[in-house]
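>>> Kindly generate the corresponding structure for this input.
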Amino acid sequence: MKVRLFLFYFSPKHRQENKIHNLSSYSSGLRQYSAQNLFRLTETSASQLQPYLDVNNIIKIQDVLQDSINKRQLTRKQVKEVKILFHKAQAYQRRKETAIQLKEENTTKYQALSRAENGKEVNKEKLLELKEQGRLLRDEVRAAEAKFNEVNDSLVDFVLSIPNILDKETPASEAQLLKEVVPKIEFEYDPEYTAVETQCGPGLLAEFPIGKAAWLDIDLRGRAQAHLLNGGFVETGNAEYVKRLILQGAGMDESQFLRIREPNVKKGWEHATYLAGGASFPSFLALFAQSIIEDPKILPIRYFVIGRSYESQKTKPGFYQSHVVQAFVACRNEEEMEKEFHNLQNLMESFYSEKVGFTFQTQIVPAPRLQMYERKKLAFVMNKTDKSASKMIGTLSTVGDYVSKRLLCCYFDEKKKTQFLHLISAKFFDITHFLRSPSPKLITHSDILAKGKPSPEMLTFENDESQNQRQP
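Here you go, the predicted structure:
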């Protein structure tokens, strides 16, 4: 894939061609994401990210965005406030530019008068007058700039808090049943999972399979890998850690993830690192952020990762590690995104019914349960059985260009104009959640150390008598 790092500061030509409008560019410094630290940057800073705010479009579709906020049941200011703040910022910017122009004219008069040979007494009085006027104009520039920065910061914070628009199929309150699928094969297993209730890292907990479930874990990974490869996806690898600005750009709450203790990073800085896992949506965003695809012919890009995911759980304290198959698709436009969305939906449903074998429902998730970046989300829910409770084992979401504009995930179209990618995110298969027993055996780290060696039943099939007789 032809991708090069693109430190995305648009030239005036690019801004005009793509109608890109970022209010932050009006100030001498660039505005960072967090409202907690208004760290201002110079345009030569290569390690920071300037989001594309698209204020004009927000004003244009403010009614649609307000409807999204209301249906998601979020507490936000009215979207119409964006227009008010935008016009205030423009007014302070014009005021600053006018003061700078007058200050330059005053400086020119002062320099010309100071070089005059005749009328030195008159010149002295006039020089003092121009000098005082220059001081007042300097204070006017500083005051206008301070007011602009104050309004601009409020505007940026508000714009970044606005969620994605909703798909017309997204229900307002209750989940909508799309279909129920009966498997074409029967998958029988007797899950035996152990939760290691100990810290594998600072505040990190993990669950690991034992017995049959350990072999099933490996087998299911292989099945998912083969199914995705046959479906036109490419397996890749991602970093386990992401920077804070990636989470903020996607509108994710960083408290969902485990922050890594870094003595050299101050609290609240944008460079703070979080453990998300390679099989997660933030890790894919970290791969594509501040990058531009030079050849549009390679789109759509279909990637998947089989690995770990780390998230907090509402029912348990701490951050849990799960084995997950995560898929990601980058598209050119809305039409291509919808086509890829339905293709991936069919791929996931055929995997559950034909390769694994269990009855499940495909549901459309209601607006209050969506992440900020999601337009529409499908949940694949495994039906309740005698051995297992009902549980969600996969999700599929359309994102559009919402995150791409914030993290600058871009490509060149056929005319070499910069465009933003339309993204799809899918938790293709949550293997850990699928295998988890309703009543798992709890084995602490101290228990394992006390035993010294694992028992045979933890390593072998329960029905393999020859292996069970082997001495550990």
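>>> C-alpha only now, for contacts and for neighbours.
OK.
>>> how's the protein carved up into domains?
With automatic domain parsing serving as the domain definition, the record reports that the chain contains domains spanning 3-60+80-161, 176-451.
>>> Let me see the mean pLDDT of the last one.
In this case it means domain 176-451. For domain 176-451, the per-residue pLDDT values average out at 81.
>>> Then the first one?
Throughout domain 3-60+80-161, pLDDT has a mean value of 66.
>>> ok, residue 226 - contacts?
By Cα atoms under 8 Å, 6 or more residues apart in numbering, the contact set of residue 226 is empty.
>>> mind listing the helices for the stretch 251-400 of the chain?
Under the criterion DSSP state H, counting those that start in this stretch, the stretch 251-400 of the chain contains helices at 281-288, 334-350.
>>> Also the stretch 1-150 of the chain?
Listed in chain order, the helices of the stretch 1-150 of the chain (DSSP H, counting those that start in this stretch) span residues 12-18, 55-60, 62-72, 81-114, 120-161.
>>> Kindly present the ones you listed as JSON lines, with separate columns for mean neighbour count and distance to residue 261.
Rendered in JSON lines, the data for the helices of the stretch 1-150 of the chain read as follows (neighbours: other Cα atoms under 10 Å; distance: least, Cα to Cα, whole Å):
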{"stretch": "helix 12-18", "mean neighbour count": "11", "distance to residue 261": "39"}
{"stretch": "helix 55-60", "mean neighbour count": "15", "distance to residue 261": "36"}
{"stretch": "helix 62-72", "mean neighbour count": "18", "distance to residue 261": "33"}
{"stretch": "helix 81-114", "mean neighbour count": "16", "distance to residue 261": "37"}
{"stretch": "helix 120-161", "mean neighbour count": "17", "distance to residue 261": "26"}
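>>> can you list those helices in CSV and add distance to residue 297?
Compiled in CSV, the helices of the stretch 1-150 of the chain are given as follows (distance: least, Cα to Cα, whole Å):
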stretch, distance to residue 297
helix 12-18, 20
helix 55-60, 28
helix 62-72, 32
helix 81-114, 37
helix 120-161, 31
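>>> Please save the CA atoms from stretch 245-255 in CSV.
As requested, C-alpha coordinates have been extracted for stretch 245-255 and formatted as CSV (Å, rounded to 0.1, in the frame of the first residue of the first chain):
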residue,chain,number,x,y,z
LEU,A,245,-5.0,12.4,20.7
ILE,A,246,-6.1,9.3,18.8
LEU,A,247,-8.8,8.6,21.4
GLN,A,248,-9.8,12.3,21.5
GLY,A,249,-10.0,12.6,17.8
ALA,A,250,-12.4,9.6,17.6
GLY,A,251,-14.5,11.1,20.4
MET,A,252,-13.6,8.2,22.7
ASP,A,253,-13.5,8.5,26.5
GLU,A,254,-9.9,7.7,27.4
SER,A,255,-11.0,6.4,30.8
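>>> Quick one: closest of the helices of the stretch 1-150 of the chain to residue 175.
Judged by Cα to Cα, the one of the helices of the stretch 1-150 of the chain that comes nearest to residue 175 is helix 62-72, at 13.1 Å.
>>> can you count the residues close to the spatially closest residue to residue 250 that is not a sequence neighbour?
In space, residue 250 comes closest to residue 403 once its chain neighbours are excluded; the distance is 5.3 Å by Cα to Cα, 6 or more residues apart in numbering. Each residue near residue 403 was counted by other Cα atoms under 10 Å, and the total is 26.
>>> Same check on residue 343?
The tally of other residues near residue 343 (other Cα under 10 Å) stands at 12.
>>> do residue 398 as well
Per other Cα under 10 Å, the neighbour tally for residue 398 reads 25.
>>> swap in residue 417?
When neighbours are counted by other Cα under 10 Å, residue 417 comes out with 11.
>>> any idea how far residue 298 is from residue 329?
Look at residue 329 and residue 298: by Cα to Cα, to the nearest Å, they are 12 Å apart.
>>> who's more crowded, these two?
Here residue 329 and residue 298 are set side by side on neighbour count (other Cα under 10 Å), and the busier one is residue 329, at 23 against 12.
>>> dump the residue contacts of the more buried one.
Listed by Cα under 8 Å, 6+ apart, the contact partners of residue 329 are 300-303, 340, 423-425.
>>> which residues does it bridge with?
Taking DSSP bridges, one finds residue 302, residue 424 as the beta-bridge partners of residue 329.
>>> now residue 134, nearest residue through space, not along the chain?
residue 103 (5.9 Å).
>>> circling back to that earlier point, out of the helices of the stretch 251-400 of the chain, which comes closest to residue 144?
Distances from residue 144 to each of the helices of the stretch 251-400 of the chain were compared by Cα to Cα, and the smallest falls on helix 281-288, at 36.8 Å.
>>> Now the closest one - C-alpha only, PDB.
Output in PDB follows, covering the C-alpha atoms of helix 281-288 (Å, rounded to 0.1, in the frame of the first residue of the first chain):
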ATOM      1  CA  PHE A 281     -10.300   0.400  16.300                       C
ATOM      2  CA  PRO A 282      -8.000   3.000  17.900                       C
ATOM      3  CA  SER A 283      -4.900   1.000  16.800                       C
ATOM      4  CA  PHE A 284      -6.100   1.100  13.200                       C
ATOM      5  CA  LEU A 285      -6.700   4.800  13.500                       C
ATOM      6  CA  ALA A 286      -3.100   5.200  14.800                       C
ATOM      7  CA  LEU A 287      -2.000   3.400  11.700                       C
ATOM      8  CA  PHE A 288      -3.900   5.700   9.300                       C
END
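>>> Buried by neighbour count: which residues of that helix qualify?
Buried residues in helix 281-288, defined by neighbour count with 16 or more other Cα atoms under 10 Å: 281-286, 288.
>>> in the sheet, who's paired with the closest residue to residue 313 other than its chain neighbours?
The spatial neighbour of residue 313 that comes closest, neighbours along the chain excluded (Cα to Cα, 6+ apart), is residue 319 at 6.9 Å. According to DSSP bridges, residue 204, residue 312 are recorded as the beta-bridge partners of residue 319.
>>> What is the burial count for residue 319?
By the criterion of other Cα under 10 Å, residue 319 has 24 neighbours.
>>> quick one on the thing from earlier: can you tell me the helix or strand for the residue nearest to residue 250?
helix 402-407 (DSSP states H and E).
>>> Show me what that helix packs onto, helices and strands only.
For helix 402-407, the contact count by 3 or more Cα pairs under 8 Å, 6 or more residues apart in numbering; DSSP states H and E identifies helix 244-249, strand 422-430 as packing neighbours.
>>> Name the next helix or strand following the longest one along the chain.
Just to be clear, that refers to strand 422-430. Using DSSP H and E, the helix or strand that directly follows strand 422-430 along the chain is helix 431-435.
>>> What residue, apart from its backbone neighbours, is nearest residue 256 spatially?
In space, and not counting its chain neighbours, residue 256 is closest to residue 312: 5.2 Å by Cα to Cα, 6+ apart.
>>> Could you list the buried residues of the helix holding residue 403?
Within helix 402-407, the residues that count as buried by 16+ other Cα under 10 Å are 402-407.
>>> Quick one: those as TSV, columns for distance to residue 245 too.
Rendered in TSV, the data for those read as follows (distance: Cα to Cα, whole Å):
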residue	distance to residue 245
402	15
403	12
404	13
405	13
406	10
407	8
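>>> Many thanks, I have nothing further to ask.
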